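1. what's the 3D shape of this:
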Amino acid sequence: MARHPETRREETDLERVDRNLQELLGELRVALPGVQVLFAFLLVVPFNTGFDRATAFQENVYLVTLLCTAAASIFLIAPSVHHRIVFRLQEKEHIVKAANRLALVGLSLMAVAITGALLLVTDFLFSPAVTAGVTAGTVVLFASVWYFIPVRRRLERDP
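-> Have a look, this model is predicted:
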């Protein structure tokens, strides 16, 4: 068997697509529990005592965070739905490409939601300086670890 020109692995195009789909679904299995736990947390927050003391800013942050978490869930679950709908139509390569885009959007929304949850909690409990520091630090961490490092590596590999 010849090596695939893109991956340099001994696999056919179909084997590569199958492997890519399995890798993507495995990655989604890691991300989904995180967004689901955050969503569950956010769904109970308004029913907790003390939420009635939330400021208008905190209520707005809560709403945006809740909506981003719901949207992240939708985008991260979408590849499974797409796969089920076009099952047995020989559309795996299309599913992998679409699912990759959906996953990137879902993970980006998840980053916004996690940042929003930290902003909400720190604004509720701590000073504005602590809130600003935690929020800015979270944004920098997400931007660096989730985006800057892999994008830089991709640009180094594919100039």
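2. which stretches of the protein aren't confidently modelled?
-> Filtered on pLDDT under 70, the chain yields the residue ranges 1-7, 159.
3. what about 90?
-> Applying pLDDT under 90 to the chain picks out residues 1-18, 21-22, 25, 28, 48-52, 80, 82-95, 154, 157-159.
4. can you tell me the centre-most residue of it?
-> For the chain, the residue nearest the mean C-alpha position is residue 107 (1.5 Å; Cα atoms, centre = their mean).
5. secondary structure element for that residue?
-> Using DSSP states H and E, residue 107 sits in helix 92-125.
6. elements contacting that helix?
-> helix 13-44, helix 56-85, helix 128-141 (3 or more Cβ pairs under 8 Å, 6 or more residues apart in numbering; DSSP states H and E). All C-beta spots, glycine's among them, are computed from the backbone N, C-alpha and C.
7. ok, which of those helices comes nearest residue 151?
-> Closest to residue 151 of those is helix 128-141 (Cβ to Cβ; 15.0 Å).
8. using CSV, write down the CA coordinates of the closest one.
-> Extracted C-alpha coordinates of helix 128-141, given in CSV (Å, rounded to 0.1, in the frame of the first residue of the first chain):
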residue,chain,number,x,y,z
PRO,A,128,-13.4,45.2,40.1
ALA,A,129,-9.6,44.9,40.0
VAL,A,130,-9.7,41.1,40.7
THR,A,131,-12.5,40.7,38.2
ALA,A,132,-10.6,42.6,35.4
GLY,A,133,-7.4,40.6,36.2
VAL,A,134,-9.1,37.2,36.1
THR,A,135,-11.1,38.0,33.0
ALA,A,136,-8.1,39.4,31.1
GLY,A,137,-5.9,36.5,32.2
THR,A,138,-8.6,34.0,31.0
VAL,A,139,-8.8,35.8,27.6
VAL,A,140,-5.0,35.7,27.2
LEU,A,141,-4.8,32.1,28.2
